[in-house]
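> predicted model and sequence follow; I will ask about them next.
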Amino acid sequence: MAHDYKSKPRDTFGSKFGIIAAVAGSAIGLGNIWKFPYMAGANGGSAFLLIYLVFLLILGVPAMMAEFTVGRKGRANAFTSFANLTGGSAWKWVGMMGILSSFFIFSFYSTVAGWTLGYIVRTFTFTDPTGPFVQPEGYFAQFSASGWLPVLYQIIFILFTALVVKLGVTKGIERTTKWMMPVLLLLMVIIVIRSVTLPGAAAGVSFLFKPDFSKVTIDTCLNAMGQAFFSLSLAAGVVLIYGSYVKSTDNMMTSTASVAISSTVVAVLAGLMIFPATFSFGVAPTSGPNLIYVALPSIFRNMVGGQFFALLFFILLSMAALTSTISMLEAVIGFVSEHFHISRSTAIWLSIAAVAIFAIPATLSFMPEPMLLPSWLGGKTVFGTLDFLTSNILMPAGCLLTVLFVGWGPGRKWFRDEVTNGGTIGRRWYKPLEFLLKWVTPVLVAVILVWGVL
Ligand code: TRP
């Protein structure tokens, strides 16, 4: 099983832009638009941005290259790629950790993604006195706790994801992300222009760009590190399986750089969308996770053209989430269909049925008295447990092992060849990359892991 992998025909991305759109689509998600702004807000504005950029370079880029090369060389889903490359050794379980991460992330990410659909629908009844734009706080609390409605939106979101993945890599994933990512950028630019032209917006712009190093603590650095890691969708079998659809002649170094840059640009644009508006309307920029579902709706309500901009905003948010969930599902069904030799469609139906078992309780975690897991499993809600399990344990551990595999393990034998396409491209980047991958990245990821478990 592990020997004939090179002879099988495999769907490949049709163009360089297609690869970048798909991987950037995965990377750019709620993490950039929702989490980055409020983290930057609480951690010294552009001081946080600077630290984040450093970690992106010394942690994110090398780890992403490691995953890309395992996928491109292994030519399969995360589990089978590791198996192919090591003659079926235990390394394949590192791949399995990634696939499980995608499976569990999909389960709780779809909760938040479903909310965005609910908010899109609500922009059509913008002035409803009980709706989110008139009563942001009350509405969010009531909507997220209402049980069946968010579950319905979540299921719709999962089905949308399944529909795209079902069409395949080129016709589904590549074609969808290729138009969605530019549209997303365009919508963001439109909202940024609206936001920075509000009265008093300048204070928000300088909040984002004026570094406040007095707010920088060890925690800031750890947060920036975690964010650099999370925002590139590492260790979820995603970059790995997308890498397996990349032709062996493509330059993975420039693709990785493009993804890292676009993800950062979107995070900064998200800050430029949000902070000028929050300052203009006197909303606290550090209001945390509620920023998007509570603070922003109240701002839209009071802004000229607010209904239109609210609609654009929630559409862009759901597109950003969709291009991420597509990648999670692909990582899962790529494994299910290849490993069990069943069709992609069957694999998709089986997988989303299994996802629903976790996803629905994740959404119901926001009910007034949610089910809590037994204390030996942490005693949290299903949503909280899935988040903790993936963000704090599975992904950092999986990333650490992947980086070690390539830097010190069996992967080191061919890593150079993969990065430089057999010595033909980017040779001067190789040495610094190898150095980071061996000595710096594993240490940083180990720090994330230890910090996350404690
Ligand atoms: N990068 C995604 C975001 O910013 C979140 C994410 C983390 C993710 N791990 C992933 C998305 C794995 C897809 C697959 O929102």
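Perfect, thanks for sending it. Numbers count the residues shown, from 1 in each chain.

> following the least confident helix or strand in the chain by mean pLDDT, which helix or strand comes up?
Every helix and strand of the chain was ranked by mean pLDDT, DSSP states H and E. The lowest is helix 290, at a mean of 77. Using DSSP states H and E, the helix or strand that follows helix 290 towards the C-terminus is helix 296-302.

> coming back round to it: distance from the least confident helix or strand of the chain to the middle of the chain?
19 Å (Cα atoms, centre = their mean, to the nearest Å).

> and the contacts of that helix?
137, 140 (Cβ atoms under 8 Å, 6 or more residues apart in numbering). C-beta coordinates here come from the backbone N, C-alpha and C atoms, glycine included.

> just give me the neighbour total for residue 417.
When neighbours are counted by other Cβ atoms under 10 Å, residue 417 registers 14.

> with adjacent residues omitted, what lies nearest to it?
Once flanking residues are discounted, residue 417 sits nearest to residue 423: 7.2 Å by Cβ to Cβ, 6 or more residues apart in numbering.

> kindly report the same for residue 138.
Per Cβ to Cβ, 6+ apart, closest to residue 138 is residue 130, 7.8 Å.

> for the residue of the stretch 301-450 of the chain found nearest the ligand, phi and psi?
Closest contact between the stretch 301-450 of the chain and the ligand, by Cβ to the nearest ligand atom, is at residue 324 (4.0 Å). Main-chain torsions, residue 324, degrees, to the nearest 10: phi -80, psi -40.

> again with residue 421
phi 50, psi 50.

> same thing with residue 305?
Main-chain torsions, residue 305, degrees, to the nearest 10: phi 70, psi 20.

> rewinding a little: doesn't residue 430 make contact with the residue nearest to residue 417?
No: at 9.1 Å, residue 423 does not count as touching residue 430 under the criterion of Cβ atoms under 8 Å.

> the two: who's more crowded?
residue 430 (16 against 11).

> what parts of the stretch 1-150 of the chain come near the ligand?
Within reach of the ligand by Cβ under 6 Å from any ligand atom, the stretch 1-150 of the chain has these residues: 26-27, 29-32, 102, 105.

> just to revisit the earlier point, got any residues that touch both of residue 423 and residue 430?
residue 416.

> show me where pLDDT drops low in the stretch 301-450 of the chain?
Along the stretch 301-450 of the chain, no part satisfies pLDDT under 70.

> got the residue ranges for the helices in it?
306-340, 344-364, 382-388, 395-407, 412-419, 427-435, 441-453 (DSSP state H, counting those that start in this stretch).

> just checking, what packs against the fifth one?
Counting contacts by 3 or more Cβ pairs under 8 Å, 6 or more residues apart in numbering; DSSP states H and E, helix 412-419 is packed against helix 61-74, helix 252-280, helix 395-407, helix 427-435.

> dump these to JSON lines, plus distance to residue 190.
Below are these laid out as JSON lines (distance: least, Cβ to Cβ, whole Å):
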{"stretch": "helix 61-74", "distance to residue 190": "30"}
{"stretch": "helix 252-280", "distance to residue 190": "10"}
{"stretch": "helix 395-407", "distance to residue 190": "33"}
{"stretch": "helix 427-435", "distance to residue 190": "36"}
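
> so which of those helices gets nearest residue 355?
helix 395-407 (17.5 Å; Cβ to Cβ).

> tabulate the helices of the stretch 301-450 of the chain (JSON lines), appending distance to residue 249.
Listed next are the helices of the stretch 301-450 of the chain as JSON lines, based on distance: least, Cβ to Cβ, whole Å:
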{"stretch": "helix 306-340", "distance to residue 249": "22"}
{"stretch": "helix 344-364", "distance to residue 249": "26"}
{"stretch": "helix 382-388", "distance to residue 249": "39"}
{"stretch": "helix 395-407", "distance to residue 249": "20"}
{"stretch": "helix 412-419", "distance to residue 249": "12"}
{"stretch": "helix 427-435", "distance to residue 249": "16"}
{"stretch": "helix 441-453", "distance to residue 249": "26"}
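
> which one of these is the most hemmed in?
Mean neighbours per residue, mean count of other Cβ atoms under 10 Å, is largest over the helices of the stretch 301-450 of the chain for helix 395-407, with a mean of 25.

> sec struct for the residue lying farthest from the centre of the chain, please.
Distance from the C-alpha centroid of the chain, by Cα atoms, centre = their mean, peaks at residue 129 (34.3 Å). Three-state assignment for residue 129 (DSSP: H, G, I helix; E, B strand; the rest coil): coil.

> going forward, count from 737.
Right, with 737 as the first residue, what we last looked at is residue 865.

> which phi and psi does it have?
Torsion angles, degrees, to the nearest 10, at residue 865: phi -60, psi -20.
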